[in-house]
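# Quick one, fold the following:
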Amino acid sequence: MPFLANDITIYDDKILDVLDTISNRRKIPHDIVQRAQIILLANKGCANSQIGKEVGLSRNTVSKWRNSFILYYPIIQATSVLDPASLEWVVLRILWDLPRKGAPRKYTDEQIVKIHEIACRDPKECGIEISNWTHVDLADYCNKNKITESISPRTVGRYLEEADIKPHLVEGWLHSTEKIDSPETFATKANEICEIYRCAGELAKIAKQDMLEMLKEQSQNPDGNAVEDYTNIDNVKGVQIKNEDSETKTVYIICTDEMTGLSARERVFEDKPVAPGMPAKHEVNYIRHGTTSFTGFYNVIYGTCVCPYFKVTRTETDFADAVSKLIEKDPDGYWTFVCDNLNTHKSETLVRYIAHCLGISDEALGVKGESGILKSMESRAEFLHDKTHRIRFVYTPKHCSWLDQIEIWFGILNRRLLKRASYKSVQEMIDSIRRFIVQYNITAEPFKWTYRGVPLSA
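Numbers count the residues shown, from 1 in each chain. Now for the predicted structure:
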């Protein structure tokens with residue numbers, strides 16, 4: 001006797017539209033698409049065997065989902081009338097499989113935790129002479145030491161992925177001795193720099209408002225030069241504010257450091273450009289054409305790099321000369337520099353220059369190595385850091401140059417320009433860097449500093 005299928009007759013166009021939409025979806029499981037196709041073909045009067053050939057399923061599977069749809073059809077009809085917005089969701093729920101038990105677990109929680117624990121240990125502690133674990137090494141170790149019977153590297157990898165353990169990855173890390181030996185000093189220095197960046201953020205809002213007003217004036221006066229501030233990288237912009245005595249002062253917040261040993265390297269052969277199915281080819285052999293040192297100044301308020309200073313050497317005189325060229329842009333301004341603890345940043349030459357800018361005589365500075373402000377590096381740093389001075393330097397904790405925003409900018413310069421560049425001379429490299437700075441400053445925005453410092457104990 002031939003198999004008689006239950007009839008499906010759908011008169012509601014909304015239900016047919018939903019089924020047709022699901023049957024043509026590409027971003028849902030294919031079995032759901034097949035089940036929607038079964039219902040649509042059944043609605044046309046097709047037999048189960050014919051439907052099975054059309055969708056690539058057995059007659060029994062077609063019968064199962066055909067009968068299931070008939071069973072829940074009243075619910076679908078009611079949803080179409082009472083809540084049409086939920087109709088697609090209801091149809092998908094009916095076509096979806098119920099959760100299944102799956103295969104029984106082969107490894108216990110204790111075994112999985114043990115795999116995690118071993119992966120977080122040094123392999124040499126386990127008697128394995130390798131620098132880091134691989135999935136193969138872990139599986140082999142667990143099987144040999146009876147932790148598991150026959151676990152595969154792929155299963156080990158799945159358990160490590162679930163726990164977000166990646167023994168094959170490593171990141172560079174420099175330990176700050178000051179953070180451990182003197183946490184109070186570290187917290188004080190870090191918090192001071194973070195407070196400077198917070199103030200820079202407030203000043204940036206004022207600067208943005210001033211910029212909008214300037215653009216408004218320039219729109220009314222077309223003769224003004226709107227791009228001068230961007231193309232002139234030797235132009236330093238500050239923010240004018242009023243102090244307690246209602247006197248206007250211009251504030252500058254600058255991060256500074258040096259990129260030393262910048263080498264002008266010419267590739268022996270030109271790079272081959274990227275092509276479909278093939279990455280760019282970068283020649284590894286190169287010819288050296290000399291080096292230079294780049295002292296950078298990053299304007300924290302505006303997010304721009306200004307007054308780049310290039311010199312073959314990196315002495316205390318060079319750094320003091322670079323700072324002097326910057327301060328000469330506004331000798332009466334209020335300057336705050338953030339820098340690391342390099343000895344050239346606390347030198348006698350720098351102290352004498354800052355003292356000259358502040359109107360302090362050389363006699364008041366003492367003698368280097370003997371007395372007064374110049375006696376030691378600590379005394380010079382204390383003078384340069386003096387909060388009462390119009391020009392002051394704020395130093396990062398030891399081994400914490402990441403607190404200096406110029407390091408972020410140096411990373412951008414290296415990734416976007418220097419990493420793949422080829423130069424035939426030092427001057428060509430310097431010109432390239434200056435052009436990059438001009439290009440960068442046009443669309444520059446201040447960095448969004450999220451580190452808030454170290455919470456102080458009560």
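# Could you use CA atoms for every contact and neighbour count after this?
Will do.
# What residues of stretch 90-104 count as buried?
Of the residues in stretch 90-104, those scored as buried under the neighbour-count criterion (16 or more other C-alpha atoms under 10 Å) are 90-92, 94-95.
# Those residues into CSV, with extra columns for pLDDT, distance to Leu40 and secondary structure?
Shown next, in CSV, are those (pLDDT from 0 to 100; distance: C-alpha to C-alpha, whole Å; DSSP: H, G, I helix; E, B strand; the rest coil):
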residue, pLDDT, distance to Leu40, secondary structure
Val90, 90, 17, helix
Val91, 90, 13, helix
Leu92, 89, 14, helix
Ile94, 88, 15, helix
Leu95, 89, 13, helix
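# Which of the residues you listed sits closest to Asn299?
Nearest to Asn299 among the buried residues of stretch 90-104: Leu92, at 56.4 Å, using C-alpha to C-alpha.
# show me where the stretch 201-350 of the chain has helices.
Ranges of helices in the stretch 201-350 of the chain, per DSSP state H, counting those that start in this stretch, are 228-231, 316-327, 348-358.
# In TSV: the ones you listed, plus mean pLDDT.
As requested, those are arranged in TSV below (pLDDT from 0 to 100):
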stretch	mean pLDDT
helix 228-231	57
helix 316-327	95
helix 348-358	94
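# and Thr21, which of those is closest to it?
Closest to Thr21 of the helices of the stretch 201-350 of the chain is helix 228-231 (C-alpha to C-alpha; 53.5 Å).
# and which of the buried residues of stretch 90-104 is nearest Ala42?
Lowest distance from Ala42 to these (C-alpha to C-alpha) belongs to Leu95, with 14.7 Å.
# Can you give me every residue that contacts that closest one?
Residues in contact with Leu95 (C-alpha atoms under 8 Å, 6 or more residues apart in numbering) are 32, 35-36, 65, 69.
# could those residues be laid out in TSV, adding distance to Ser324?
Supplementary listing: the contacts of Leu95 in TSV, determined by distance: C-alpha to C-alpha, whole Å:
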residue	distance to Ser324
Ile32	72
Arg35	77
Ala36	76
Trp65	82
Phe69	83
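# Strands along the protein, start to end?
Across the chain, reading from the start of the chain, the strands by DSSP state E fall at 239-242, 248-267, 286-299, 304-311, 334-339, 391-395.
# out of the ones you listed, nearest to Asp12?
strand 304-311 (63.9 Å).
# what's in contact with that closest one?
Among residues not part of strand 304-311, those counted as contacts by C-alpha under 8 Å, 6+ apart are 233-236, 292-299, 318, 322, 325-326, 430, 434, 437, 440-441, 444-446.
# Among the buried residues of stretch 90-104, pick out the one closest to Thr336, please.
For Thr336, the nearest member of the buried residues of stretch 90-104 is Leu92. The distance, counting by C-alpha to C-alpha, is 62.9 Å.
# and the gap between Lys419 and Thr292?
Computed as C-alpha to C-alpha, to the nearest Å, the Lys419 to Thr292 distance reads 16 Å.
# out of those two, which sits in the busier spot?
Between Lys419 and Thr292, counted using other C-alpha atoms under 10 Å, Thr292 has the larger neighbour count: 20 against 9.
# Setting the sequence-adjacent residues aside, check what's closest to that one.
Sequence neighbours aside, Val312 is the residue nearest to Thr292 in space, at 4.3 Å (criterion: C-alpha to C-alpha, 6 or more residues apart in numbering).
# From the buried residues of stretch 90-104, pick the one nearest Leu169.
For Leu169, the closest of these turns out to be Leu92, at 41.6 Å, with distances computed as C-alpha to C-alpha.
# how far away is the closest one from Arg26?
14 Å.
# Next: Glu162.
When C-alpha to C-alpha is the yardstick, Glu162 and Arg26 sit 28 Å from each other.
# ok, now Cys126?
Counting by C-alpha to C-alpha, the gap from Cys126 to Arg26 is 49 Å.
# likewise Gly45?
Using C-alpha to C-alpha, Gly45 is found at 26 Å from Arg26.
# Neighbour count for those two, which is higher?
When Gly45 is set against Arg26 and neighbours are counted by other C-alpha under 10 Å, the residue ahead is Gly45, at 15 against 9.
# In contact with the more buried one: list those residues for me.
So Gly45 contacts 7-8 (C-alpha under 8 Å, 6+ apart).
# which residue sits closest to the residue nearest to the spatial centre of the chain, ignoring its sequence neighbours?
Residue closest to the average C-alpha location in the chain (C-alpha atoms, centre = their mean): Ile408, at 10.4 Å. The shortest distance from Ile408 to any residue other than its chain neighbours is 7.8 Å, reached at Trp402 (C-alpha to C-alpha, 6+ apart).
# Show me the shaky parts of this structure.
Counting by pLDDT under 70, the chain shows low-confidence ranges at 1-6, 214-231, 456-458.
# According to the record, where do the domains of it fall?
As recorded under automatic domain parsing, the domains making up the chain are 13-95, 109-162, 183-341+396-442.
# And these: which comes nearest Thr450?
The stretch from the domains of the chain with the least distance to Thr450 (C-alpha to C-alpha) is domain 183-341+396-442; that distance is 9.1 Å.
# Thank you, goodbye.
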